[in-house]
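Q: quick one, fold the following:
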Amino acid sequence: MPRLIGATIVAGVFALVIATVFKLLLGLTVIAAAVAMIARSFGKSREQLAQYPQGAMADFGNGSAWNRTIQPVGGYSTSRGTSIVPID
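A: From the prediction side, this is the model:
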């Protein structure tokens with residue numbers, strides 16, 4: 001009988017240690033996944049900001065910017081005379 005009690009205690013302690021190790025591994029995996037997702041989010045926003053040079057929109061908040069005529073960004077405008085388009 002004492003051997004059975006000893007074996008039960010050893011098996012219980014062993015199961016407790018194994019369960020604790022797996023819980024720690026699971027917790028570390030969840031934390032690592034969360035950190036990876038946050039890092040990817042910050043990386044994407046930093047990548048989007050890197051596309052535009054510093055001060056690219058410097059006169060956006062300037063009031064004098066609104067006094068000028070609106071020009072197309074890429075120069076795709078063609079000057080045409082105004083015309084009336086009939087609608088059937």
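
Q: so residue 87, which of the three states?
A: coil (DSSP: H, G, I helix; E, B strand; the rest coil).

Q: what about residue 4, neighbour count?
A: 8 (other CB atoms under 10 Å). C-beta: built from backbone N, CA, C; applies to glycine.

Q: now do residue 12
A: Using other CB under 10 Å, residue 12 has 10 other residues around it.

Q: now do residue 83
A: For residue 83, the neighbour count with other CB under 10 Å is 5.

Q: which strand or helix spans it?
A: Under DSSP states H and E, no helix or strand contains residue 83.

Q: give me phi/psi at it?
A: Backbone dihedrals for residue 83, given as degrees, to the nearest 10, come out at phi -140, psi 160.

Q: do residue 86 as well
A: Backbone geometry at residue 86, expressed as degrees, to the nearest 10, gives phi -70, psi 140.

Q: and the pLDDT for it?
A: Model confidence at residue 86, given as pLDDT, is 85.
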